[in-house]
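**Q** Below: sequence and its predicted model.
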Amino acid sequence: MSSNTTVHESELRQLLGAYQDPYLGLTLERAGSLKTVQVANGDAVVGVELGFPAGRYAFELAAELERRARSLSWLKQIKVNVSSRIASHSVQNNLKPIQGIRNIIVVASGKGGVGKSTTAANLALGLAHDGAAVGLLDADIYGPSQPQMMGLADEKPTSPDQKTMIAPEAYGLKVMSIGFLVDVEQPMVWRGPMVTQALVQLLETTRWGELDYLVVDMPPGTGDTQLTLSQRVPVSGAVIVTTPQDIALLDARKGLRMFQKVAVPVLGVVENMSTHVCSNCGFEEHIFGAGGGRRMAEQYGVELLAELPLDIRIREQADGGKPTVVAEPESKIGRAYIDLARRTAARLVVAGLQPAAAFPNISTEDT
Ligand SMILES: Nc1ncnc2c1ncn2[C@@H]1O[C@H](COP(=O)(O)OP(=O)(O)OP(=O)(O)O)[C@@H](O)[C@H]1O
């Protein structure tokens, strides 16, 4: 290799390595994503490997890096190849990961009705949209809504061997729900330990196959059931869904505290129904005040993963069995959900690189 080539390679590596990835919030160098840089006679080939599913962003990133590289006077041609490799991230240290499932992401809320299930469905679909193998476990025992939302209300799991269950599939996702097995019209009268046991069994007896991510729609709230579940399920990270009122009433903070207690990294917060979009004129308004989610995220040192509007289409599409990411992936809201998925997966990567960054800055004395 000529010394010129070595100099060119290190110049190119330095230039591209300094690129700040918007999802990771880190440079490619710091994230360890710049895998190969080869230069021969002024022609360069670069390999970038992201730790999260990137979908179209892979092409956008490649184009951006190629554009930056063209500032180098010696460069004749460049080809940047961006790929994704999703690693298994660590789980609470007393638990064993479930074979075949690389990462379990739980979606939780401080209280009911904040849009946790809708967010979980669109997050799972967003990850799949970007190319990941994804499963969705509806653990919302008090109101299992994933069968309806995923258009699987008339489906049931099958169990040819009477020991394991084959989950129904929708939009490329394996979906398992307590709602497939119990009558959703009947109020659940199970006590905490029964709930946890049933859900752990559901998780362990489903044939998930190889999954990059299993998204778990948790029961709403932060009581004993949720706490035990967070201790029993080997979780890589948690997403907390809130509304502006939830933030004002500090319900969301209970969620942060619960995951801190069980040493599960909080990947971030989603502020749902943060604005209202008028179905007549499309006007978007902060009816509950602006910036609550951002302020809370800053205060507790967690990421604000998304701010989603209160929009009738989100409800209609979810209730109609076709959540926004599949109904309208190119719409503003569809793109916001896909962005949420990328951001969440990227936070897992960062949590692996900088473990302390994923723990909320909340004192245990706080209630
Ligand atoms: N951003 C939104 N815009 C409009 N409607 C929404 C939005 N998010 C959720 N909804 C609707 O609000 C209702 C409650 O949402 P969802 O079931 O997701 O909440 P949840 O927090 O999971 O509730 P639960 O605690 O009862 O399980 C649903 O009808 C859903 O379609």
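**A** Perfect, I can see it now.
**Q** Would you map the helices across this protein?
**A** Assigned by DSSP state H, the chain shows helices spanning 3-17, 28-31, 57-69, 116-129, 146-149, 192-205, 224-232, 244-248, 251-261, 292-300, 312-319, 324-327, 332-353.
**Q** For the least confident helix or strand in the chain by mean pLDDT, report the contacting residues that lie outside it.
**A** Across the helices and strands of the chain, the lowest-confidence element by mean pLDDT, DSSP states H and E is helix 244-248, at a mean of 77. Residues outside helix 244-248 that contact it (Cβ atoms under 8 Å, 6 or more residues apart in numbering) are 109-111, 114, 252, 271, 273-274, 288-289, 292-293, 295-296. Glycine gets a C-beta too; all of them are placed from N, C-alpha and C.
**Q** among those residues, which are within reach of the ligand?
**A** With Cβ under 6 Å from any ligand atom as the criterion, those include 109, 114, 273 near the ligand.
**Q** Surely the first one touches residue 226?
**A** Just to be clear, that refers to residue 109. No: assessed by Cβ atoms under 8 Å, residue 109 is found out of contact with residue 226, at 9.5 Å.
**Q** between the two, who's got more neighbours?
**A** Neighbour count, other Cβ atoms under 10 Å: between residue 109 and residue 226, residue 109 has more, with 32 against 25.
**Q** what residues are up against that one?
**A** Contacts for residue 109 (Cβ under 8 Å, 6+ apart) come out as 116, 218, 220, 221, 240, 241, 242, 246, 251, 252, 255.
**Q** One more pass at 6 Å, please.
**A** Residue 109 sits next to 116, 220, 241 when contact means Cβ atoms under 6 Å, 6 or more residues apart in numbering.
**Q** What of residue 348?
**A** With contacts defined as Cβ under 6 Å, 6+ apart, residue 348 is in contact with 89, 236, 237.
**Q** how much space between the first one and residue 230?
**A** Between residue 89 and residue 230 the distance, using Cβ to Cβ, to the nearest Å, works out to 16 Å.
**Q** of these two, who's got more company?
**A** residue 230 (23 against 20).
**Q** and the gap between the more buried one and the ligand?
**A** Residue 230 sits 16 Å away from the ligand, going by Cβ to the nearest ligand atom, to the nearest Å.
**Q** So for that residue, what's the nearest residue that isn't a sequence neighbour?
**A** Of all residues not flanking residue 230 in the chain, residue 262 sits nearest, at 4.6 Å (Cβ to Cβ, 6 or more residues apart in numbering).
**Q** For the one you found, report the pLDDT, please.
**A** Note on residue 262: pLDDT of 90.
**Q** distance of it from residue 322?
**A** 34 Å.
**Q** picking up where we left off before, of the contacts of residue 109, which is the most crowded?
**A** residue 241 leads these on contacts (other Cβ under 10 Å) with 30 neighbours.
**Q** That one touches residue 270, doesn't it?
**A** Yes: counting by Cβ atoms under 6 Å, residue 241 does reach residue 270; the two are 4.8 Å apart.
**Q** Make a PyMOL selection of the buried ones in the contacts of helix 244-248.
**A** The following PyMOL line selects those of the contacts of helix 244-248 that are buried, judged by 16 or more other Cβ atoms under 10 Å:
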select buried, resi 109+110+111+114+252+271+273+274+288+292+293+296
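**Q** want to try a markdown table for the contacts of helix 244-248, with pLDDT as columns?
**A** Below are the contacts of helix 244-248 laid out as a markdown table (pLDDT from 0 to 100):
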| residue | pLDDT |
| --- | --- |
| 109 | 93 |
| 110 | 89 |
| 111 | 88 |
| 114 | 91 |
| 252 | 78 |
| 271 | 93 |
| 273 | 89 |
| 274 | 82 |
| 288 | 73 |
| 289 | 73 |
| 292 | 81 |
| 293 | 83 |
| 295 | 85 |
| 296 | 83 |
